[in-house]
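Novice: The amino acid sequence is not available; the structure is as follows:
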């Protein structure tokens, strides 16, 4: 099997395990990018619920990164970040959006919405990796990836549930227009 470093540098993928390793490196990068994004967003958040959710998710992301490192080790590879263009794009889009906002209530809505987008990218990535690990009969890897997936699904659901309240607060404070 070609090493994950070779796949990352040459872009040549000839087998499903190589594709799996590429996607593993991509989500590994994405988790790092999104962790940085949460740290950038956290000081901008005024809503205590959103702030608490982000703080909790930083801790979860740290554990998810450790789980991914364990997956790399189980596969016999050193962890490597393969640049995830989708993660970079969501991060850049979020930066552009928050730079344009001059209203705390709208900022909270924007950050919660951006985090929801991030969670759905991660959910799709983990579902694909789990399917690949199942096909390779890698039960330990499936379990680690399932842990990450469950946290991402829970985080997405929590942000989705708080968004209507954040939107209503922004509207009632005169921060939106109908």
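Specialist: Sure thing, it's come through. It should be emphasised that the depicted structure is a prediction, and the values quoted were computed from it without experimental measurement.
Novice: which residues are contacting stretch 118-135?
Specialist: 16, 19-20, 23-24, 26-27, 30-31, 34, 37, 86-87, 90, 141-142, 145-146, 148-149, 152-153, 155-156, 159 (Cβ atoms under 8 Å, 6 or more residues apart in numbering). In short, each C-beta sits where N, CA and C put it, glycine included.
Novice: change it to 7 Å
Specialist: 16, 20, 23-24, 27, 30, 34, 86-87, 90, 141-142, 145-146, 148-149, 152-153, 155-156, 159 (Cβ atoms under 7 Å, 6 or more residues apart in numbering).
Novice: Also stretch 19-26?
Specialist: Applying Cβ under 7 Å, 6+ apart, the contact partners of stretch 19-26 are 4, 7-8, 13, 68, 71-72, 75, 77, 80-82, 84, 125, 128-129, 132, 136.
Novice: Return the subset of the contacts of stretch 118-135 lying in helices.
Specialist: Counted as lying in helices by DSSP state H, out of those, are 16, 20, 23-24, 27, 30, 34, 86-87, 90, 141-142, 145-146, 148-149, 152-153, 155-156, 159.
Novice: out of these, which are buried?
Specialist: 20, 23-24, 27, 30, 34, 86-87, 90, 141-142, 145, 148-149, 152-153, 155-156, 159 (16 or more other Cβ atoms under 10 Å).
Novice: you'd agree residue 160 is up against residue 116?
Specialist: Yes. If you go by Cβ atoms under 7 Å, residue 160 and residue 116 touch, sitting 5.9 Å apart.
Novice: dump the residue contacts of residue 136.
Specialist: If you count contacts by Cβ under 7 Å, 6+ apart, residue 136 has them with 17, 20.
Novice: wait, residue 139
Specialist: By Cβ under 7 Å, 6+ apart, no residues touch residue 139.
Novice: so what's the backbone phi/psi at it?
Specialist: Residue 139 adopts backbone torsions of phi -60, psi -40, taken as degrees, to the nearest 10.
Novice: what about burial for the contacts of stretch 19-26, which qualify?
Specialist: Using 16+ other Cβ under 10 Å, the buried ones in those are 4, 7-8, 13, 68, 71-72, 75, 77, 80, 82, 84, 125, 129, 132.
Novice: ok, of these, which one's closest to residue 104?
Specialist: residue 84 (30.3 Å; Cβ to Cβ).
Novice: just checking, that closest one touches residue 32?
Specialist: No. Using Cβ under 7 Å, residue 84 makes no contact with residue 32, being 9.1 Å away.
Novice: Show me where this structure dips below the pLDDT cut-off.
Specialist: The model of the chain has pLDDT under 70 over residues 1-10, 174-178.
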